[in-house]
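In: sequence first, predicted coordinates after that:
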Amino acid sequence: MDQIQMTLLREIADLHGVPEGAYNIRSNGKLDSRNTTANIDIVSKENGTGIDIIIKPGTVHESVHIPVILSESGLNDVVYNDFYIGENSDVVIVAGCGIHNCGNQDSEHDGIHRFHVGKNAKVKYVEKHYGEGDGNGKRILNPVTEVHMDEGSYMEMEMVQIKGVDSTDRKTEMDLAAGAKVVIKERLLTHGSQTAVSEISAHLNGEGSSANIISRSVAKDSSYQKFVSRLFGNAACSGHSECDSIIMGDAKIQAVPEIVAECTDAALIHEAAIGKIAGEQIIKLMTLGLTEEEAEAQIVNGFLK
């Protein structure tokens, strides 16, 4: 890999070299490198559209990295990845995409990820998106995530986009069986004329299932964001969605909640707060010797952590 590609890997997957454990690195629409372990297998789909990641039941303290990087202008890359997480496993999955575009044509990656989480399995899923390059071509990312959770399973999803993506349309859909639990933490920053739409839907189908969805975002300049959260309580369950956003300049943010209770014992809550940075926060930091711009940056960085 060249230096540009290595920089992208560091940004999206915190990789400074070959990762430990299982991995599949995709570069400019092609397989770059792959490694499997005794408990985690990675198999290319026969039609060449993506990969299957198969994690054996009982696998614990293992990880799999599947980053995607694009450094060619004008490339449109689409992949379909299926994850089969065996019962009673406890694993970390690191995904994400980085785009470097210095050309005049748009570069786009659309990753469709489908998770099949087995009974009593635990998964931490980290997905980071990043863009860079001084070309006129756009950097576009449209991820689709489908999650099917069996009884007693747990999934924590950390989805981050904090720099350089011109347009994104994110769709996350999940269904939960009895006792299953999902925690989603989304962090998003837009600036300039960037646009970002995020739609998250949780179908709580089993008794005792729960979903906690937290979105933190900052919109600067003339950028636009839309956050749609849907909770469907189809059994005795609990669901909570929260949207906290900072708006700056001429930006626009929409928060659209939808709550549907099909059971009298479904407890569903949505909270939203959108506002500008309080002036006293900036003043306090400026008394420590920071400029107004530096104080503003400190507040934004702390908010998105």
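Out: Arrived safely.
In: where exactly do the helices run in this structure?
Out: In the chain, the helices defined using DSSP state H lie at 3-13, 279-286, 292-303.
In: and these: which comes nearest Val165?
Out: helix 3-13 (11.3 Å; CB to CB). C-beta here means a position set from N, CA and C on the backbone, and glycine is covered the same way.
In: for that closest one, buried residues please.
Out: Judged by neighbour count (16 or more other CB atoms under 10 Å), helix 3-13 contains these buried residues: 5, 7-9, 11-13.
In: dump the residues you listed to CSV, plus pLDDT and distance to Ala178.
Out: Formatted as CSV, the buried residues of helix 3-13 follow (pLDDT from 0 to 100; distance: CB to CB, whole Å):
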residue, pLDDT, distance to Ala178
Gln5, 88, 44
Thr7, 88, 45
Leu8, 90, 41
Leu9, 89, 39
Glu11, 87, 39
Ile12, 88, 35
Ala13, 86, 34
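In: turn these into TSV, columns for distance to Lys276.
Out: As requested, those are arranged in TSV below (distance: CB to CB, whole Å):
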residue	distance to Lys276
Gln5	38
Thr7	33
Leu8	33
Leu9	36
Glu11	29
Ile12	30
Ala13	34
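In: of all these, which comes closest to Val126?
Out: Checking the buried residues of helix 3-13 one by one against Val126 (CB to CB), the nearest turns out to be Ala13, at 8.2 Å.
In: without its sequence neighbours, what residue ends up closest to that closest one?
Out: What sits nearest to Ala13 in space, not counting adjacent residues and going by CB to CB, 6 or more residues apart in numbering, is Pro67, at 4.4 Å.
In: which pLDDT value goes with the one you found?
Out: With respect to pLDDT, Pro67 scores 95.
In: where's it relative to Gly164, distance?
Out: Separation of Pro67 from Gly164 (CB to CB, to the nearest Å): 16 Å.
In: shaky segments in the chain?
Out: 17 (pLDDT under 70).
In: contact partners for the nearest residue to Gln254 once chain neighbours are set aside?
Out: Closest residue in space to Gln254, ignoring its immediate chain neighbours: Lys226 at 4.4 Å, by CB to CB, 6+ apart. The neighbours of Lys226, taking CB atoms under 8 Å, 6 or more residues apart in numbering as the test, are 196-198, 253-254, 256.
In: list just the nearest of those residues to Pro143.
Out: Once CB to CB is applied, the member of the contacts of Lys226 that ends up nearest Pro143 is Ser198, at 9.7 Å.
In: middle-most residue in this structure, spatially?
Out: Residue closest to the mean C-alpha point of the chain, counted by CA atoms, centre = their mean, is Met159 at 2.4 Å.
In: what sits against Val94?
Out: 13-14, 63-67, 126.
In: now it: how far from Asn24?
Out: Distance, Val94 to Asn24, by CB to CB: 11 Å.
In: next one: Ile42
Out: Distance from Ile42 to Asn24, by CB to CB: 5 Å.
In: so which residues of the stretch 151-300 of the chain form strands?
Out: 154-161, 167-176, 181-190, 195-204, 210-219, 224-233, 238-247, 252-261, 267-275 (DSSP state E, counting those that start in this stretch).
In: if we compare those strands, which one ends up closest to His113?
Out: strand 167-176 (9.6 Å).
In: quick one, the closest one and strand 181-190 angle?
Out: 170 degrees (axes from the mean of the first three to the mean of the last three CA atoms, to 10 degrees).
In: which strands or helices does strand 167-176 pack on?
Out: strand 139-141, strand 144-149, strand 154-161, strand 181-190, strand 195-204, strand 210-219 (3 or more CB pairs under 8 Å, 6 or more residues apart in numbering; DSSP states H and E).
In: most tightly surrounded among the ones you listed?
Out: Highest mean neighbour count among those (mean count of other CB atoms under 10 Å): strand 139-141, with a mean of 24.
In: just to revisit the earlier point, want to throw the helices and strands packed on strand 167-176 into TSV with distance to Gly58?
Out: Output for these, formatted as TSV (distance: least, CB to CB, whole Å):
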stretch	distance to Gly58
strand 139-141	34
strand 144-149	18
strand 154-161	16
strand 181-190	20
strand 195-204	27
strand 210-219	25
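In: of all those strands, which one comes closest to Thr59?
Out: Among the helices and strands packed on strand 167-176, strand 154-161 comes nearest to Thr59, with 14.9 Å by CB to CB.
In: just checking: what are the partner strands of that closest one?
Out: strand 122-132 (parallel), strand 181-190 (parallel) (DSSP bridges).
In: can you check what angle separates the first one from helix 3-13?
Out: Okay, so that is strand 122-132. Going by the same axes, to 10 degrees, strand 122-132 makes 140 degrees with helix 3-13.
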